[in-house]
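Colleague: Provided below are the primary sequence and the corresponding predicted coordinates.
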Amino acid sequence: MQYHHIYHAGNFADVFKHCVLIMLVQTLCKKDKPFVFLDTHAGIGRYDVTSAMAQKTGEYQAGISVVYGFPDLANAPDVIKTYVDLVRAQNHQDAKKIAESENTLHCYPGSPAIVQALLRPQDRMILVELHQEDVKLLKQEFAQDKRIAVHHANGYQSMKAFLPPKQGRGLILMDPAFEDPNDFNNIIAALKDGLERFPHGIYAVWYPIKDNLPIRDFQQELSFLGFQNVLLTEFSIGKVATADTHLKRCGMAIINPPWQFAEQLEPVITWLEAVLC
Ligand code: SAM
């Protein structure tokens, strides 16, 4: 496995994905009843954006850095404010350690750290990561939090392993690396398992959009699975030209989205696309 998310942490796709994630978790938090968050491709949890690897691509500079330093956050959608507060809180902790200035971005929280910040005492989080070295870091990162379990396993098998959750409520994030040409097929197979075991769960699947054809095939397969309610969202930065080698477009499929989620998400996407263009 060659993929390391640190090269991409905090890029435009992470910003979009993590805002959607916050909105979904916030909806689950509206009821006192506990829920489970299952992250099938968890990464390492937190990313040092000052590291040589993150600096090599500098992708975060066109993503989180722009939102973090945006001068008019007061008029941004609520989820953006929550997201920035959450990133800032992570950086304050970090800044204490390395005594840097308040507004400098050192650390970018991945999906596990973002959800950890929103999790209540009654909720649980299951993190699955296949990369041997990454899972060690993930275990170290969350060892002190009794609500969180970390597993070294294939995320696509985690529907069979962990669903249905005993809490009866849950959000499953599938955020593969898309290095394997079978990733779209593997997602569909895993969702089939999810549908059998936990048909009412919320599933959020992130994917890159490079060519339209595989995306159309994937979306068609998705529509054949039999979930009642699937929301397809897209996010892009700048004009996409065929010669582009850098990713500029991505999507998320949200299965069983909360009530009026599309309407709530629309202004967030509009804001992000205007700010990150
Ligand atoms: N969800 C993370 C976040 O938002 O912070 C980022 C995840 S990153 C895009 C994808 C991760 O999946 C990588 O850490 C990679 O090592 C891991 N991975 C690749 N194949 C996997 C598999 N079959 N099962 C579980 N993890 C896998």
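Modeller: Right, received. Where do you want to start? Keep in mind the model is a prediction, meaning the values are calculated, not measured.

Colleague: what are the buried residues along the helix or strand of the chain with the lowest mean pLDDT?
Modeller: When the helices and strands of the chain are compared on mean pLDDT, DSSP states H and E, helix 78-98 comes out lowest with a mean of 85. Going by neighbour count (16 or more other C-beta atoms under 10 Å), the buried part of helix 78-98 is V79, I80, T82, Y83, V84, L86, V87, Q90, N91, D94, A95. The C-beta positions use only the backbone N, C-alpha and C, and glycine is treated the same way.

Colleague: cool, stretch 46-55 as well?
Modeller: Quick answer for stretch 46-55 (16+ other C-beta under 10 Å): R46, Y47, D48, V49, A54.

Colleague: give the contact list for Q140.
Modeller: By C-beta atoms under 8 Å, 6 or more residues apart in numbering, the contact set of Q140 is empty.

Colleague: mind checking the SS state of it?
Modeller: Three-state assignment for Q140 (DSSP: H, G, I helix; E, B strand; the rest coil): helix.

Colleague: need the pLDDT of it.
Modeller: For Q140, the pLDDT comes out at 97.

Colleague: I'd like the distance between it and E263.
Modeller: 40 Å (C-beta to C-beta, to the nearest Å).

Colleague: excluding its backbone neighbours, what's nearest the closest residue to the ligand within the stretch 101-250 of the chain?
Modeller: Nearest to the ligand in the stretch 101-250 of the chain, going by C-beta to the nearest ligand atom, is G110, at a distance of 2.5 Å. Once flanking residues are discounted, G110 sits nearest to G43: 4.7 Å by C-beta to C-beta, 6 or more residues apart in numbering.

Colleague: contact residues of this structure facing the ligand?
Modeller: Within the chain, the positions adjacent to the ligand are 1, 3, 5, 39, 41-43, 110-111, 128-131, 134, 154-156, 175-177 by C-beta under 6 Å from any ligand atom.

Colleague: can you rerun that using 5 Å?
Modeller: With the criterion set to C-beta under 5 Å from any ligand atom, the chain comes near the ligand through 3, 5, 41, 43, 110-111, 129-131, 154-155, 175, 177.

Colleague: name the nearest residue to I126, sequence neighbours excluded.
Modeller: L38 (4.7 Å).

Colleague: and the one you found, which of the three is it?
Modeller: strand.

Colleague: same thing with P34?
Modeller: coil.

Colleague: check contacts around it.
Modeller: Going by C-beta under 8 Å, 6+ apart, the list of residues near P34 reads R120, Q122, D123, R124, Q167, R169.

Colleague: just the buried subset of these, please.
Modeller: Applying 16+ other C-beta under 10 Å to the contacts of P34 flags D123, R124, R169 as buried.

Colleague: would CSV of those residues with secondary structure and pLDDT be doable?
Modeller: Shown next, in CSV, are the buried ones among the contacts of P34 (DSSP: H, G, I helix; E, B strand; the rest coil; pLDDT from 0 to 100):
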residue, secondary structure, pLDDT
D123, coil, 98
R124, strand, 98
R169, coil, 98
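
Colleague: can you map out the helices along this protein?
Modeller: Using DSSP state H, the helices found in the chain span residues 12-28, 52-57, 64-68, 78-98, 111-118, 132-142, 158-162, 183-197, 212-225, 261-275.

Colleague: from the chain's centre, how far out does the longest one sit?
Modeller: Read it as helix 78-98. Averaging C-alpha positions (C-alpha atoms, centre = their mean, to the nearest Å) puts helix 78-98 17 Å from its chain's average.
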